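Peer 1: Provide a 3D model corresponding to the input given below.
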Amino acid sequence: MQHDFYKMRSFKHLLLFLLCSICLTSLFAQTQYLDSLQKELHTTTDDSTRLERLISICKAYNNYQPNRGFPYANEALQIAKKRKHAEKEAEVQKVWGRLAANNGQLDTALLHFQLARQLTPQFESGKFLIDLMLKFKFIHSAQGNNDSAMYYSFKALSLAEEQNDSIGIANSLNEITEIMATMGPAREALKYAERALEMNQILGRVPKLALTYQNLGVIYREMGDFDKALHFQNKSLDVFHQIGDQTEFAIGLLYRGNIYKFQEDYVSALEDYQRGAVLAKEIGYPGLTHVLNASVGDIYVRTEQYEKALPFLLESVREMNESEMSNNLPENYRHIAKAYAQLQQHDSAYHFLDLSYNVRDTIYSKESRETSSRLRTEYETQKNLDEIALLRKDKERQQLIIVFSIGFLGLMAIILFLFGRSNRIRKESNRLLSQTNDTLNSQNAEIENQRDLIAIQNNKNELLLKEIHHRVKNNLQTISSLLNLQSAYIKDADVKKAVQAGQHRVKSMALIHQKLYQRENLAAIEMKDYLSTLGESLMDTFGEKAENVQLILNMDEIELDVDTAVPVGLIVNELLTNSLKYAFPDGKAGTISMDLHKTAEQKWELSVMDDGVGKSDDQDTKESTSFGSRLIHLLSLQLNGKMVIDHSQGTKVSLLFEEIR
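Peer 2: Predicted structure coming up:
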């Protein structure tokens, strides 16, 4: 067996050597191509030809040392402006944006893409605009703004479908699949991926087909089908190797390493991450380099090699902050905090844990809107169509008004001619009516001013209340973090468990205030989302002990006021904690179900049930005197509730209670 292991390692090293040799050959070919372009540039004096050569050089540098392409982009832009060629100027701005994006300068890239967008009305820009929308998607996705990234992907798809542009449709489907592969739901992402796969196969676009394979690998990884995930990632790597695309080959190594990491094959994962990091550094792609270095650090943390992990993680965090790529920062801050904690450097651990919470809050507010991104995009599209129809109706209405106005004016002329003698009386009546109107308008203006003042005050009060909830959440989070750090110094197991239980209760209350300041309705909590988040947080806390346990929520979206939601949340926290502690010993698999609904008597019924080992009467007697049980009893009294416990099949706790008014 040991002999076979060393044979396998030797084979992997040989394969690594061959792949590196191929990569170096491709890089050499890329260098030769650039040299030939630069020689042609030196012998070219015509501005039009020189502009085309400069753009070609910039595109060649996109995936190979992008920082070296900026001088050529600058010269190309000057020539395009001099020639007053809007289409070429827009193309140069887009190419410059790609160089900046691949060099990790996301804000600069976004600026150049916006400048290109401003030039599109000056030329026929259908396909160019579709590609530009996908560039906006790339920037927003890299910055963690997944809702904006999804909007631009669907915008590109809509434009491509309007123009019957098959290539644009296939590209847009690939980008939508890439976002949904990580956002979820995975099965919805799979539908778009299969559609992209079909279109790219019909069009025979090998590089884009490889990207679709890559996305399918990520989707199947999220679905837990690692065999299919590896199959598609290996297919994508084969294609990128064949066409010599070193950037996508390095990205493919990152994705395959992630699959190995999920399988806990840390040796293979580390090999892929290190190979990818070397290749990304060689081609001058800093954004990809720091992600791969962070992944190397993650493997060292998972294998408890904390001193090795810290240099990779700290360097990666520094590069992420410099390159404005914030979507992976919270995870890396947590890895650093864990490494410092294990090395007994608790001040540093607390510092990075606090940074993790702060950055996560910022990204969380973005992610809370991502689930409605597609609906908003469809709504905006439909709204534009409605506005066009409305403009047409307005035009027809105006034409009718003109016709009726002419007739009305003629009729008025006849009436004035016939009733000239009554003109004075009519003028006097108009004068009195005008005075009355002025008085009414003045009163209406005063009423509107009062309404505006009330609205402003209400907005201020709402902002103040949100700020209060935010501060309360932050304070509770700080208390939770302090309890977490304190528990590291506690030797007594019972005391440590009590402190950790207190930490969970504080977290459940902090989650209430977090949900409040993120909602429009500050007086109520949506319980399904809250209980789901609370359950997932507790299962993450129990780690391996809960990895075989499935949490099921059998409930609709329900809103409860804050005074009721807080005790309900604490009760659920205690019941879930008890189930995770006692119901599934020795890693036993099972399910925990939660249900909250209104009864026919207009009361609320909460049920928490597990299919674990259940409890004996003796255990019930012991636990009835515990702090958690007393807390549940007191909270039930607060809700004027009645609790029923059933141990016939696992453990089921039902609480019938009234909403606090």
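
Peer 1: what residues does Ala337 make contact with?
Peer 2: Ser348, Ala349, Tyr350, His351, Phe352, Leu353, Ser356 (Cβ atoms under 8 Å, 6 or more residues apart in numbering). C-beta here means a position set from N, CA and C on the backbone, and glycine is covered the same way.

Peer 1: hmm, 6 Å instead?
Peer 2: Ala349, Phe352, Leu353 (Cβ atoms under 6 Å, 6 or more residues apart in numbering).

Peer 1: all helices for the stretch 101-250 of the chain, in order.
Peer 2: 106-119, 126-142, 146-162, 166-183, 186-203, 206-222, 226-243, 246-262 (DSSP state H, counting those that start in this stretch).

Peer 1: looking at the ones you listed, spot the one closest to Gln38.
Peer 2: helix 246-262 (19.9 Å; Cβ to Cβ).

Peer 1: mind giving me the packing neighbours of that closest one?
Peer 2: When contacts are defined as 3 or more Cβ pairs under 6 Å, 6 or more residues apart in numbering; DSSP states H and E, helix 246-262 sits against helix 206-222, helix 226-243, helix 266-282.

Peer 1: now, of those, which is deepest in the fold?
Peer 2: helix 206-222 (a mean of 23; mean count of other Cβ atoms under 10 Å).

Peer 1: distance from the chain centre to it, please.
Peer 2: 19 Å (Cα atoms, centre = their mean, to the nearest Å).

Peer 1: what is the lengthiest strand in the chain packed up against?
Peer 2: If you go by DSSP state E, the chain has its longest strand at strand 590-598. Secondary-structure packing of strand 590-598 (3+ Cβ pairs under 6 Å, 6+ apart): strand 549-553, strand 604-610.

Peer 1: now for those strands, which one comes closest to Cys58?
Peer 2: Nearest of the helices and strands packed on strand 590-598 (Cβ to Cβ): strand 549-553, 51.2 Å.

Peer 1: what residues does that closest one touch?
Peer 2: Ser532, Gly535, Phe584, Gly590, Thr591, Ile592, Ser593, Met594.

Peer 1: show me the one of the helices and strands packed on strand 590-598 that comes nearest Gly97.
Peer 2: Closest among these, once you apply Cβ to Cβ, is strand 549-553, at 43.7 Å.

Peer 1: for Glu268, what are its contacts?
Peer 2: One thing to correct before we go on: residue 268 is Ser, not Glu. Tyr260.

Peer 1: gap between the nearest residue to Pro585 once chain neighbours are set aside and Glu574?
Peer 2: What sits nearest to Pro585 in space, not counting adjacent residues and going by Cβ to Cβ, 6 or more residues apart in numbering, is Val613, at 6.5 Å. With the distance defined as Cβ to Cβ, to the nearest Å, Val613 ends up 19 Å from Glu574.

Peer 1: more crowded one of those two?
Peer 2: Glu574 (23 against 15; other Cβ atoms under 10 Å).

Peer 1: look at Lys652 and give its secondary structure.
Peer 2: strand (DSSP: H, G, I helix; E, B strand; the rest coil).

Peer 1: how about the contacts made by Leu637?
Peer 2: Taking Cβ under 6 Å, 6+ apart as the definition, Leu637 has no contacts.

Peer 1: surely Tyr489 is within a strand?
Peer 2: No - using three-state DSSP, the assignment for Tyr489 is coil, not a strand.

Peer 1: tell me the pLDDT at it?
Peer 2: On pLDDT, Tyr489 comes in at 75.

Peer 1: pull the number of nearby residues for it.
Peer 2: 8.

Peer 1: thinking again about what came up before, adding distance to Asn62 and mean pLDDT, write the helices and strands packed on strand 590-598 out as TSV.
Peer 2: Converted to TSV, those look like this (distance: least, Cβ to Cβ, whole Å; pLDDT from 0 to 100):
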stretch	distance to Asn62	mean pLDDT
strand 549-553	45	93
strand 604-610	54	94
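
Peer 1: so of those strands, which one's packed in deepest?
Peer 2: Sorting those by mean neighbours (by mean count of other Cβ under 10 Å), the first place falls to strand 604-610, with a mean of 21.

Peer 1: output it as PDB, nothing but the C-alphas.
Peer 2: Provided in PDB are the C-alpha atoms of strand 604-610 (Å, rounded to 0.1, in the frame of the first residue of the first chain):
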ATOM      1  CA  TRP A 604     -49.900  30.600  17.700                       C
ATOM      2  CA  GLU A 605     -48.600  27.000  17.900                       C
ATOM      3  CA  LEU A 606     -44.800  26.500  17.800                       C
ATOM      4  CA  SER A 607     -43.500  22.900  17.400                       C
ATOM      5  CA  VAL A 608     -39.900  21.700  17.500                       C
ATOM      6  CA  MET A 609     -39.500  18.000  16.800                       C
ATOM      7  CA  ASP A 610     -36.500  15.600  16.300                       C
END
